[in-house]
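Colleague: fold the stuff below for me.
(4 chains)
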Protein chains: 2
Amino acid sequence: MSQHRHPGAPGRAGAVPALPDLPEATVARLPEYLRALHALADTGHETVSSEGLANVAGVNSAKLRKDLSHLGSYGTRGVGYDVTLLIEQIESVLGLTQCRAVALVGVGNLGHALAGYDGFASRGFRIAALLDADPSRVGEEINGLVVRHVDELPRVAVEESISIGVIATPAPAAQAVADQLVAVGVTSILNFAPCVLSVPEGVDVRKVDLAIELQILSFHEHRKASLTALPGGLAATDTQEAIGT
Amino acid sequence: MSQHRHPGAPGRAGAVPALPDLPEATVARLPEYLRALHALADTGHETVSSEGLANVAGVNSAKLRKDLSHLGSYGTRGVGYDVTLLIEQIESVLGLTQCRAVALVGVGNLGHALAGYDGFASRGFRIAALLDADPSRVGEEINGLVVRHVDELPRVAVEESISIGVIATPAPAAQAVADQLVAVGVTSILNFAPCVLSVPEGVDVRKVDLAIELQILSFHEHRKASLTALPGGLAATDTQEAIGT
DNA sequence: CGCGATTTGTGCACCTCTTCACAAGCGCCT
DNA sequence: AGGCGCTTGTGAAGAGGTGCACAAATCGCG
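Modeller: Below is the predicted model of the structure:
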């Protein structure tokens, strides 16, 4: 979904870290591999086969090998992958070697939960600022962080060198917040508001809409119900769908 | 990602609602179209062209037309689509004509937020039960609903005719909860715990992992930084990525 | 009544992603 | 040292999704 750099372009074969230009589908799975690898490391595994890792990560082993091969050859034939080495490599590719500062805008219901979610800190992200447009919320302390007014964004962005913005506001406010984030130089946004954001080129937006996930499930539920109601109700169906599909 | 029904199979061409067998990518976009259509309806639009709807939904107009064509021909050439009619059709396909009952397991930080999220009710879902394994949380009232112990799931599932289960527990508890949900007949699960669930065939699982989204953004941020640091830093890049990619 | 403007529905070519299947490589055991 | 079993890395085929471009269809107006 990103670049349009021609595949055959020279590419300045320098000594840089390779800049591998991974397929988007692979990038979306790397975090899952990373989580699985951490779990394996915690249980004392030093190496793991593609088959083993694929099981823990919930994917096909061939797909996993192809994904990893895009990073380079970090496996040993006949043995498998060194868990620690692979963790380092993936973290390096994902840019997680440095802790990234996140600004969270919108401290309502969902924002509160996100502010308190410990899954961020444990995976290389630091919620560095909480912001809200509602003056009655400004000053509130959540998880050791004081909510500041969204207009302080320019100052906060510099002070904390914000890398990623998270929007957890109601939909009508989201576009304005996105504009403010872009204005202070944020180029990666995670949007929980149920609306489409328009941003300039070069800014990445990812969207998470909880209701949409339920609606997709509803469709499959509906379809399954229709099938079993049908006389010719054949055997069903699938297992485990990743969200990135 | 679902069926393996052979395309050439007879299929019992009955008078049933067609059972259109939509592409998965289309299904994932229909909820977004639905949201966009509701927005248009609220602002008084009676009809909309594919171009107009595509803009609001943040997709290509050709893709939108192809998606809608899978539902049947509900547009009028030279005019566009009737907003109300299209809403009805999509809701029907997604199985949203009846309100679906959702059981939410895990009333921690995230569970609280989900329980209070009004985006569910407004889009055809009713949180019918809150459950938790922690006795100290049982009895608490959230948003007019009392938290019950997860062991009451069998009774609750019948009483409320639960259609979808949402798991918002810590990762170590998630698999056990999934098993319990499956045991009481739930065949659609939305999993917020950062782990892979294994479920029997016929059960759909969708996963939402907030940290993964941030990590994907981190990758792009990292790549952008590397590019601009490079002397040959060409023009950049893209806009707006849907999560379903 | 016919014509032009407009918009849908879709055939087609392209591209990405997935999966299979297997050769190449590595370690261990004899 | 040699052979054997295991596992990686990858070529090739297939499946699925995307976007262009255009024919078909509808409306409004003269």
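Colleague: use CA for all of it now, contacts and neighbours both
Modeller: Will do.
Colleague: for A:N109, list the residues it contacts.
Modeller: B:H112, B:A113, B:G116, B:Y117 (CA atoms under 8 Å, 6 or more residues apart in numbering or on different chains).
Colleague: mind doing that once more with 6 Å?
Modeller: Residues in contact with A:N109 (CA atoms under 6 Å, 6 or more residues apart in numbering or on different chains) are B:A113.
Colleague: how near is it to A:Q180?
Modeller: Computed as CA to CA, to the nearest Å, the A:N109 to A:Q180 distance reads 22 Å.
Colleague: next: A:V93.
Modeller: A:V93 sits 29 Å away from A:Q180, going by CA to CA.
Colleague: repeat for A:Y117
Modeller: 24 Å.
Colleague: ditto for A:Y33
Modeller: 34 Å.
Colleague: where does chain A have low pLDDT?
Modeller: A:1-20, A:229-245 (pLDDT under 70).
Colleague: mind listing the strands for it?
Modeller: A:47-48, A:75-76, A:80-82, A:100-105, A:125-132, A:141-142, A:145-149, A:164-167, A:188-191, A:204-207 (DSSP state E).
Colleague: those strands into CSV, with extra columns for mean neighbour count?
Modeller: Listed next are the strands of chain A as CSV, based on neighbours: other CA atoms under 10 Å in any protein chain shown:
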stretch, mean neighbour count
strand A:47-48, 20
strand A:75-76, 16
strand A:80-82, 18
strand A:100-105, 24
strand A:125-132, 22
strand A:141-142, 13
strand A:145-149, 18
strand A:164-167, 26
strand A:188-191, 24
strand A:204-207, 23
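Colleague: among those strands, which comes closest to chain B?
Modeller: The closest of those to chain B is strand A:204-207. By CA to the nearest CA, the value is 4.9 Å.
Colleague: contacts only, for A:I212.
Modeller: B:P31.
Colleague: quick one: it from A:E160, how far?
Modeller: When A:I212 is compared with A:E160 (using CA to CA), they lie 33 Å apart.
Colleague: ditto for A:N191
Modeller: With CA to CA as the criterion, A:N191 and A:E160 are 20 Å apart.
Colleague: re the thing from before, of all the strands of chain A, which one is nearest A:H220?
Modeller: strand A:204-207 (21.6 Å; CA to CA).
Colleague: any part of that closest one near chain B?
Modeller: Yes. Applying CA under 6 Å from any CA of the partner chain, one finds strand A:204-207 touching chain B at A:D204, A:V205, A:R206, A:K207.
Colleague: stretch A:87-100 too?
Modeller: Yes. Judged by CA under 6 Å from any CA, stretch A:87-100 comes into contact with chain B through A:L94, A:G95.
Colleague: that stretch: which residues count as buried?
Modeller: A:I87, A:Q89, A:I90, A:E91, A:V93, A:L94, A:G95, A:L96, A:R100 (16 or more other CA atoms under 10 Å in any protein chain shown).
Colleague: same check on stretch A:64-79?
Modeller: Residues of stretch A:64-79 classed as buried by neighbour count (16+ other CA under 10 Å): A:L64, A:R65, A:D67, A:L68, A:L71, A:G75.
Colleague: identify the bridge partners of the residue lying closest to A:V156 once chain neighbours are set aside.
Modeller: Distances taken as CA to CA, 6 or more residues apart in numbering or on different chains place A:A129 nearest to A:V156, at 7.3 Å, with adjacent residues excluded. A:A129 has these beta-bridge partners by DSSP bridges: A:A103.
Colleague: still on that earlier bit, nearest to A:E46 among the buried residues of stretch A:64-79?
Modeller: Nearest member of these to A:E46, counting by CA to CA, is A:G75, at 12.4 Å.
Colleague: which residue of A:Y33 and A:Q180 possesses the greater neighbour count?
Modeller: More crowded of A:Y33 and A:Q180, by other CA atoms under 10 Å in any protein chain shown: A:Y33, with 23 against 16.
Colleague: relative to B:L214, how far out is the more buried one?
Modeller: Relative to B:L214, and taking CA to CA, A:Y33 is found at 15 Å.
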